[in-house]
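requesting a structural model of the entry that follows:
(chains A and B)
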Amino acid sequence: GQQLNQSPQSMFIQEGEDVSMNCTSSSIFNTWLWYKQDPGEGPVLLIALYKAGELTSNGRLTAQFGITRKDSFLNISASIPSDVGIYFCTGAGGTSYGKLTFGQGTILTVHP
Amino acid sequence: ETGVTQTPRHLVMGMTNKKSLKCEQHLGHNAMYWYKQSAKKPLELMFVYNFKEQTENNSVPSRFSPECPNSSHLFLHLHTLQPEDSALYLCASSPELQKETQYFGPGTRLLVL
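Numbers count the residues shown, from 1 in each chain, chains lettered A, B, ... in the order given. Reported below is the predicted structural model:
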């Protein structure tokens, strides 16, 4: 089946620092989605990308759909304590019609 | 608040119990999903429903039985579960199966003793 490699697995940063995480795949996806999950809660959609090369921002978050359609990155600028959580990349479309393929997640810890 | 609610939020059950998880979406979506999230593993898709019809059963054991009476409601009936079934069970919905942006509920934390 399709797999996503998400890195890094975890990050420990100081408040105010910028964060970057990425996902790569051996398969092509038509959609890339980035979710954030707080402890004990379900994933919440942060950014959706639908076109290769697309660069989209949502406040301090910026994500890009790689031109090859096999990768995506998420940047968080000027991190704050409430950015703590697990960030998941997901790919959709391609050969997995109607299904999402999830990365392993990046655990983000922000020290005040 | 994502528009997808799940009850109960927490559930402890014995291996001989029968219980049900409920999911309701208020988004007017037509596709609904059950996922299992275990520690240190990616989310695992269990079932997919599109316009109340099951379109995907991802090799899920028969002790998990889904039910979708209408496009807004999805149930997961649990019977004779095993301790390794303890996990966070997440429900999600999307406008259509082809519209792949999914919105998740808060999940039910299940512990099987």
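
CA atoms of the least confident helix or strand in chain B by mean pLDDT as PDB?
Within chain B, confidence by mean pLDDT, DSSP states H and E is lowest for strand B:53-57 among all helices and strands, at a mean of 87. Provided in PDB are the C-alpha atoms of strand B:53-57 (Å, rounded to 0.1, in the frame of the first residue of the first chain):
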ATOM      1  CA  GLU B  53     -23.700   2.200   1.800                       C
ATOM      2  CA  GLN B  54     -20.500   0.500   3.000                       C
ATOM      3  CA  THR B  55     -17.800   0.900   0.400                       C
ATOM      4  CA  GLU B  56     -14.800  -0.200   2.400                       C
ATOM      5  CA  ASN B  57     -14.000  -2.800   5.000                       C
END
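
so what are the sheet partners of it and their directions?
strand B:44-50 (antiparallel) (DSSP bridges).

how long is stretch B:41-57 end to end?
Using Cα to Cα, to the nearest Å, the end-to-end distance of stretch B:41-57 comes to 19 Å.

buried stuff in that stretch?
B:42, B:43, B:44, B:45, B:46, B:47, B:48, B:49, B:50, B:56 (16 or more other Cβ atoms under 10 Å in any protein chain shown). The way it works is simple: take the backbone N, C-alpha and C, and place the C-beta from them, glycine included.

pull the contacting residues for the residue nearest to the first one when sequence neighbours are not counted.
The reference is to residue B:42. Among residues not flanking residue B:42 along the chain, residue A:102 sits closest, at 4.4 Å (Cβ to Cβ, 6 or more residues apart in numbering or on different chains). Applying Cβ atoms under 8 Å, 6 or more residues apart in numbering or on different chains to residue A:102 gives the contacts A:4, A:88, A:89, A:90, B:42, B:43.

kind regards, and thank you for your time.
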